[in-house]
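Visitor: any chance you could fold what I've pasted below:
(one chain, ligands or ions: 1)
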Amino acid sequence: MTRAMKILALAAAAFVLAGTPSLAQQNAAADASKADAAIAAAFPTAPAEWRPRFDQDETMKQCSLHRNLPPKNIADEIQKREKARIEYPADGKLMGDWKAGERVAQSGYGLRFSDYPPRQANGGNCYACHQLTKAEVSYGTIGPSLLNYGKVRNFSEADTKAVYEKIYNAQAAYPCSNMPRLGLNKVLTIEQIKDLVALVMSRESPVNQ
Ligand code: HEC
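Guide: Predicted coordinates for the structure are as follows:
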């Protein structure tokens, strides 16, 4: 090996090592101040109304700290806190109109850079993570398929409530869930959530055909 080749080989080895963090590094608690600084630096011209979205609430902080795998006592704490934050419909009815729900489920409108000022109601973007009907040719698989979700649960009242709660605040059901807290974060209104519950849980909905 020539001297130049040796230097190249060493550099390549160093590169590989540097790119592979040790197990200890991977498990080290995330440094919140570094992450905050990086986010602040990434959006220097963000309008003032976006600023609150940079701040993690207590639940997000705990999930970040534990890399979405909180120990049981923290998971219980998150679940309890998030459950207490769920708002229910004033009229006590958890199901609206599945047809309206289907439009919300298939819409990804809202909160994107190009959606200001808002020109239509926000969507729930459900299709991006879930299969909903057999007719769909394109859907995401981050979440489980919801095909026949109501049917296999006998359209039960308890499951209808659970679906409302899941959509309003996904972390009340599953701490550090990847599913957004759509009601809590005011992405969707209570009426829109009721329509989505009907889409998932009503007998007439194409989800259950
Ligand atoms: C970013 C991805 C994502 C989006 C968007 C999303 N979900 Fe989910 N959803 C998940 C994941 C992941 C789960 C699995 C449980 C968990 O991690 O919370 C889930 C679970 C669920 C469940 C419970 C499933 C079960 O096994 O009992 C329902 C019901 C549900 N989602 C409905 C919806 C509806 C309706 C929408 C649209 C308003 C939606 N989801 C949007 C990711 C998503």
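
Visitor: use CA for all of it now, contacts and neighbours both
Guide: Fine.

Visitor: what's the helix or strand harbouring Asp195 packed up against?
Guide: Assigned by DSSP states H and E, Asp195 belongs to helix 190-201. When contacts are defined as 3 or more C-alpha pairs under 8 Å, 6 or more residues apart in numbering; DSSP states H and E, helix 190-201 packs onto helix 98-105, helix 157-168.

Visitor: angle of it against helix 157-168?
Guide: Going by axes from the mean of the first three to the mean of the last three C-alpha atoms, to 10 degrees, helix 190-201 is angled at 130 degrees with respect to helix 157-168.

Visitor: when you give positions from now on, start the count at 24
Guide: From this message on, residue numbering opens at 24, which makes the last subject helix 213-224.

Visitor: who touches helix 213-224?
Guide: With contacts defined as C-alpha atoms under 8 Å, 6 or more residues apart in numbering, helix 213-224 is touched by 111-112, 116-125, 127-128, 155, 169, 171-174, 178, 183, 186-187, 190-191, 206, 228-231.

Visitor: contacts with the ligand among these, please.
Guide: Residues of the contacts of helix 213-224 in contact with the ligand (C-alpha under 6 Å from any ligand atom): 128, 186, 190.

Visitor: pretty sure the first one is touching Cys149, no?
Guide: So that's Ala128. Yes. Between Ala128 and Cys149 a contact is recorded at 4.8 Å, counting by C-alpha atoms under 8 Å.

Visitor: contacting residues around Met83?
Guide: So Met83 contacts Cys199 (C-alpha under 8 Å, 6+ apart).

Visitor: how about the residues of this protein by the ligand?
Guide: Contact residues (C-alpha under 6 Å from any ligand atom) of the chain with the ligand: 128, 147-149, 151-152, 165-166, 186, 190, 193, 197, 200-202, 219.

Visitor: so can I have a markdown table of the helices and strands packed on helix 213-224 showing mean neighbour count and mean pLDDT?
Guide: Putting the helices and strands packed on helix 213-224 into a markdown table (neighbours: other C-alpha atoms under 10 Å; pLDDT from 0 to 100) gives the following:
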| stretch | mean neighbour count | mean pLDDT |
| --- | --- | --- |
| helix 121-128 | 21 | 98 |
| helix 180-191 | 20 | 98 |
